[in-house]
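**Q** Compute the structure for the input listed below.
(2 chains, ligands or ions: 2)
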Amino acid sequence: MATNAPKKDVVIVGLGWTGSILAMELCEEGLEVLALERGDDRDTVPDFKYPEVADELKYGVRYGFMQKPRNSTLTVRRTLEETALPYRMLGSFLPGDGVGGAGIHWNGHNWRPMVEELRLRSYVEESFGADIIPEDMTIQDWGVDYDELEPYFDRFEKVAGIAGQAGNINGKIVEGGNPFEAPRSGDFPMPPLPQTVDAMMFADAARKMGYHPFPRPAANASQAYTNPYGMQLGPCNFCGFCERFGCLNYSKSSPQTCVLAALKRKSNFSYKVNSEVLKVELAPDGKTATGVTYVTAEGEEVFQPADLVILAAYQLHNVHLMLLSGIGQPYDPATGEGVTGKNYAYQMNGGTSLFFKDIEFNPFVGAGSNGMVIDDFAINQIDFGKEGFIGGSYISSGTTNGQPIRSMRLPPGTPSWGTAWKQATKEWYGHSMSIGSHGSNMAYRDTYLDLDPTYKDRHGRPLMRMTFNWKPNDIRMTQFMKTKIEPIAESMSPDIMQSSYKSEGAMYDVRPYQTTHNVGGAIMGTDPKTSALNRYLQSWDVHNVFVMGATAFPQNLQYNPTGMVGGLAYWSANAIRKDYLPNPRPLV
Amino acid sequence: MSTRDHSTTRRGFLQSAAAGVAVSAMTHPAMAQKQPPVALEEYSPTYFTAEEWTFILAATARLIPSEGDGPGATETRVPVFIDLQLAGDFGNAADWYMEGPHVPDAPAQFGYQSPLTPAEVYRAGIAEFDEWCRQNHNAPFAELDAATQDAALTALQKGDIKLASTQGASFFGLLLQNTKEGYFADPLYGGNHGMAAWVHIGFPGARASYLEWVGIDKPYPLGPVSISGERA
Ligand SMILES: Cc1cc2nc3c(=O)[nH]c(=O)nc-3n(C[C@H](O)[C@H](O)[C@H](O)COP(=O)(O)OP(=O)(O)OC[C@H]3O[C@@H](n4cnc5c(N)ncnc54)[C@H](O)[C@@H]3O)c2cc1C
Ligand code: SF4
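**A** Ligands and ions are numbered 1, 2, ... in the order given. Just a heads-up that it's a prediction; the model follows:
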């Protein structure tokens, strides 16, 4: 039996990036806000402090900061015919756990989407004709345009403190930035980071081929910075322990460095850790939520009543909670009907490694978002009709770390053990670089999320089941990128080169890390028959539930998601503040 | 005032108490370094039986041999690392989802699907592989000559020797991965003794501050430091 807690105006599920932002924005309305976080409390000191955090084994290899599958996981299958099996140990993606969420251990590549990506189906139909869209591809428009979101991207970039070089300010192309990016209303809050040897070599080679290299937009501070909440960042020292680690230097943008200390000073904010939300409780008519039920570390179940429920539990957990709580009709791949679980997508990446005997790359000199990029093969630069696929990638080179257990790049053909392996580690450590493509991934009729029929979590609830596989369209896209990257790499005359791109027939493999850019499952849109959320991230069916995160993406961008996730969080927060609170109702 | 569910001071205390325990346990290898550490043959393993320990000493010495440039698994005390890892959370699959039903023969792309923990995989794998060596070469692995050992490990890696007892888990895969971890991890965990593997490749360890070195393509001048403050 659950005990009842005193009512709050707002309950927020998860205290990562989006939970912190929504808590701050809603506290500014004077509301009583409670955030429930399933994991531990975390702060720069003591959790990320030097030297303890510079521990590759504990955090990089054993995933010290991430979700423990024993506590929370899902099952995976590639096709409707397969039986899904549990994701028993982490590999392909690494969901966060604890205060700050994945926002503590991301790399901080912070992107805005392209104008065309937000109205992808319309763009494809208008430019190339509806008939180029494969029959099973279920891409949609987002229901919100870039121009409407621009002020909110700007807001997130100022709060997070992004370092970069603008390429397009109000339509005026700026030398040194990304000429293909959507227009921004102003510069980045900070100038770009300095660049490592590999990034500069790549940029030179790309420039010589007529491409347009620019510095990667970085959530790693390039100088001292104070954000609109009064939070302070210091310049990144290229510590080489960024992705998978909390920042030891107050340099990486995270809920801790950018929001939480300011939020904790607000008297109308409170939070509880080790409090896992099990379910959103609905009123008998199913049209509103009454609050959430959570379980404490001691195993006690508590019902937390609230007028407004914000799901900010990361893409996967938002969808799982919606499925378990009966929010939105579950998606059925046989009929294409239903919305909750629909259009799960991922990220299509590839890369070429280059080995240079005589160049010292010093790979331990690395920052999460270091690197130079070209967007000459972005979504808005490709003739989909001619090339035979829908999508695009950005192409980049840079060094995040030289940690030797995980980042020991050796030439093809090197034995995996023995004296030859040992010799190769000496000869080649620090003598290679890579050029990678980071690309879009479309959604399909049979890439989706539902509840697993067999496997249960520690609370006895069904695990979520992911059905996902690589599709020919996206494989053609990544093969196209290979034909663009290899000539750049060859022009740099490496001693040895090796490419790795998915090819025809590739099946999704949960073992190697790919990205934690899981998207979709409760997508936003303009029609309640084809989307779970309206354009303000409000559930069509349960109007006092708003769902944050990449959950809302109808298909994946070619970019890392968090710039979009942060922008959408501010866009939704604004709609709640200006429009919903004065008159709670379906906003569309 | 924001409310926190547990008092900050209490949490602070618990954390520092936990850290205290961890630090004294963890600095042990570093302190031991001042007095030479106990020889691997005399080390009393936490997880392994004596017979298993003999196997681990022999197998890791082939995976990262002492011959050639740079230290081997033996000099860097990789076996100690593996023993301690198997005795702890990793060995017990403490973080992994281990509920059934298990489908050990699922395609490899589904990831780990064995019902066994890593510690159990080692126990089963060593016994069965040693038995294979006895049947085919009349002696356990540790007593074979180096060339025969290498051939047996290669056959195991390639799947020419199939171990039924590990129920779908790759014993060789775990052993090789853990051997490399022990070679390159911070010495806190018992391997990478004297940071010799970091010196071998030129990794500065836990220095974690390089702003003045960004974009410079010359050899980095400083040797490694470890989390407990060792220098080499
Ligand atoms: C290794 C790694 C590298 C990344 N690099 C990049 C990058 O370079 N660029 C980029 O754009 N993105 C990157 N990301 C993704 C980025 O971290 C996420 O997009 C971002 O953190 C999402 O914010 P969120 O608020 O949706 O989720 P999170 O920030 O993950 O927060 C969700 C929180 O909810 C909690 N929670 C979950 N379920 C429950 C429950 N039932 N009850 C209570 N609490 C719950 C979780 O514990 C977590 O703290 C990376 C992610 C990882 C893991
Ligand atoms: S690389 Fe920079 S931003 Fe990243 S953790 Fe290190 S100091 Fe922080």
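
**Q** can you give me the helices in the stretch 401-550 of chain A?
**A** Taking DSSP state H, counting those that start in this stretch as the criterion, the stretch 401-550 of chain A carries its helices at A:419-428, A:472-491.

**Q** what's the spacing between the last one and its chain's center?
**A** Average the C-alpha atoms of helix A:472-491, do the same for its chain, and the two points are 23 Å apart (C-alpha atoms, centre = their mean, to the nearest Å).

**Q** one step back: dump the helices of the stretch 401-550 of chain A to a markdown table, plus mean neighbour count, mean pLDDT and distance to ligand 2.
**A** For every residue, glycine as well, the C-beta is placed using N, CA and C. As requested, the helices of the stretch 401-550 of chain A are exported to a markdown table (neighbours: other C-beta atoms under 10 Å in any protein chain shown; pLDDT from 0 to 100; distance: least, C-beta to the nearest ligand atom, whole Å):
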| stretch | mean neighbour count | mean pLDDT | distance to ligand 2 |
| --- | --- | --- | --- |
| helix A:419-428 | 18 | 98 | 23 |
| helix A:472-491 | 19 | 98 | 25 |
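
**Q** Please identify which of those helices is closest to A:Met322.
**A** Nearest to A:Met322 among these is helix A:472-491; the distance by C-beta to C-beta comes to 26.1 Å.

**Q** Export only the CA atoms of stretch A:405-412, formatted as PDB.
**A** What follows is stretch A:405-412, C-alpha atoms only, in PDB (Å, rounded to 0.1, in the frame of the first residue of the first chain):
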ATOM      1  CA  ILE A 405      42.000   0.400 -22.300                       C
ATOM      2  CA  ARG A 406      39.400   1.800 -24.500                       C
ATOM      3  CA  SER A 407      41.200   4.000 -27.000                       C
ATOM      4  CA  MET A 408      44.100   1.900 -28.200                       C
ATOM      5  CA  ARG A 409      43.700   2.100 -32.000                       C
ATOM      6  CA  LEU A 410      46.000  -0.400 -33.700                       C
ATOM      7  CA  PRO A 411      46.500  -1.000 -37.500                       C
ATOM      8  CA  PRO A 412      44.400  -3.600 -39.200                       C
END
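
**Q** List the buried residues in that stretch.
**A** Across stretch A:405-412, burial judged by 16 or more other C-beta atoms under 10 Å in any protein chain shown covers A:Ile405, A:Arg406, A:Ser407, A:Met408, A:Arg409, A:Leu410, A:Pro411.

**Q** Can you verify my assumption that A:Asp446 contacts A:Glu81?
**A** No - A:Asp446 is beyond contact range of A:Glu81, at 10.1 Å (criterion: C-beta atoms under 8 Å).

**Q** quick one: which of the two has more around it?
**A** A:Asp446 (17 against 6; other C-beta atoms under 10 Å in any protein chain shown).

**Q** Which residue, other than its chain neighbours, is closest to the more buried one?
**A** Residue nearest to A:Asp446 in three dimensions, not counting chain neighbours: A:Pro333, with 4.9 Å by C-beta to C-beta, 6 or more residues apart in numbering or on different chains.

**Q** A:Ile523 now?
**A** Of all residues beyond its chain neighbours, the one nearest A:Ile523 is A:Pro554 (4.4 Å), with distances taken as C-beta to C-beta, 6+ apart.

**Q** any idea how far A:Thr257 is from the one you found?
**A** 31 Å (C-beta to C-beta, to the nearest Å).

**Q** Check A:Gln329 too.
**A** 40 Å.

**Q** and the two? which has more neighbours close in?
**A** Using other C-beta under 10 Å, the more surrounded residue of A:Gln329 and A:Thr257 is A:Thr257, with 30 against 17.

**Q** Check the secondary structure at that one for me.
**A** helix (DSSP: H, G, I helix; E, B strand; the rest coil).

**Q** Just the pLDDT at B:Ala61, thanks.
**A** As predicted, B:Ala61 sits at a pLDDT of 98.

**Q** Leaving out sequence neighbours, find the closest residue to it.
**A** Per C-beta to C-beta, 6+ apart, closest to B:Ala61 is B:Thr74, 5.1 Å.

**Q** A:Trp540 now?
**A** For A:Trp540, the spatially nearest residue (C-beta to C-beta, 6+ apart) is A:Pro528, at 3.9 Å.

**Q** check contacts around the one you found.
**A** Taking C-beta atoms under 8 Å, 6 or more residues apart in numbering or on different chains, we find A:Pro528 in contact with A:Val339, A:Asn534, A:Trp540, A:Asp541.

**Q** which pair in those residues spans the largest distance?
**A** Largest separation among those by C-beta to C-beta: A:Val339 and A:Asn534, giving 11.3 Å.

**Q** Pull up the overlap in contacts between these two.
**A** Taking C-beta under 8 Å, 6+ apart as the contact rule, A:Val339 and A:Asn534 both touch A:Pro528, A:Trp540.

**Q** Which single one of the buried residues of stretch A:405-412 is nearest to A:Ser493?
**A** Using C-beta to C-beta, A:Pro411 comes nearest to A:Ser493 of the buried residues of stretch A:405-412, at 15.4 Å.

**Q** Check what pLDDT the closest one gets.
**A** Per-residue confidence at A:Pro411 stands at 98 (pLDDT).

**Q** ok, and does stretch A:190-200 reach over to chain B?
**A** Yes - for stretch A:190-200, a contact with chain B is found by C-beta under 8 Å from any C-beta of the partner chain, at A:Pro194, A:Gln195, A:Thr196, A:Val197, A:Met200.

**Q** In the chain, where is pLDDT below threshold?
**A** Using chain A here. Applying pLDDT under 70 to chain A flags the ranges A:1.

**Q** To clarify, I was referring to chain B.
**A** Chain B contains residues with pLDDT under 70 at B:1-34.

**Q** which residues of it fall in strands?
**A** Along chain B, counting by DSSP state E, strands occupy B:3-4.

**Q** Can you show me the helices along chain B?
**A** Along chain B, counting by DSSP state H, helices occupy B:8-26, B:28-34, B:50-63, B:78-87, B:118-137, B:146-158, B:171-184, B:196-201.

**Q** meant to ask about chain A
**A** Secondary structure of chain A (DSSP H): helices located at A:17-27, A:44-47, A:115-118, A:120-128, A:146-160, A:197-208, A:255, A:261-264, A:315-325, A:384-387, A:419-428, A:472-491, A:562-575.

**Q** before we move on, back to that, for the contacts of A:Pro528, which entry has the maximal number of neighbours?
**A** Highest count within those by other C-beta under 10 Å belongs to A:Val339, 26 neighbours.

**Q** The closest residue to that one other than its chain neighbours and chain B, how far apart?
**A** With C-beta to C-beta, 6+ apart as the criterion, A:Val339 has its nearest non-adjacent residue at 4.1 Å, and that residue is A:Ala532. For A:Ala532, the distance to chain B equals 27 Å [C-beta to the nearest C-beta, to the nearest Å].

**Q** Ok, A:Ala130 next?
**A** 34 Å.

**Q** what's near enough to touch that residue?
**A** Here A:Ala130 is in contact with A:Val124 (C-beta under 8 Å, 6+ apart).

**Q** and what of B:Pro107?
**A** Contacts of B:Pro107 by C-beta under 8 Å, 6+ apart are A:Met507.

**Q** quick one: which of the buried residues of stretch A:405-412 is nearest to ligand 1?
**A** Ligand 1 has its nearest neighbour among those in A:Arg406, at 11.7 Å by C-beta to the nearest ligand atom.

**Q** That closest one touches A:Glu56, doesn't it?
**A** Yes - at 6.9 Å, A:Arg406 counts as touching A:Glu56 under the criterion of C-beta under 8 Å.

**Q** Can I get stretch A:467-475 in CSV? Just the C-alpha atoms.
**A** The C-alpha trace of stretch A:467-475 is given here as CSV (Å, rounded to 0.1, in the frame of the first residue of the first chain):
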residue,chain,number,x,y,z
THR,A,467,12.6,-3.5,-31.9
PHE,A,468,15.3,-1.9,-34.0
ASN,A,469,17.5,-2.7,-37.0
TRP,A,470,19.6,-0.9,-39.6
LYS,A,471,17.7,-0.3,-42.8
PRO,A,472,19.0,-0.1,-46.5
ASN,A,473,18.2,3.7,-46.7
ASP,A,474,20.5,4.5,-43.8
ILE,A,475,23.2,2.0,-44.9
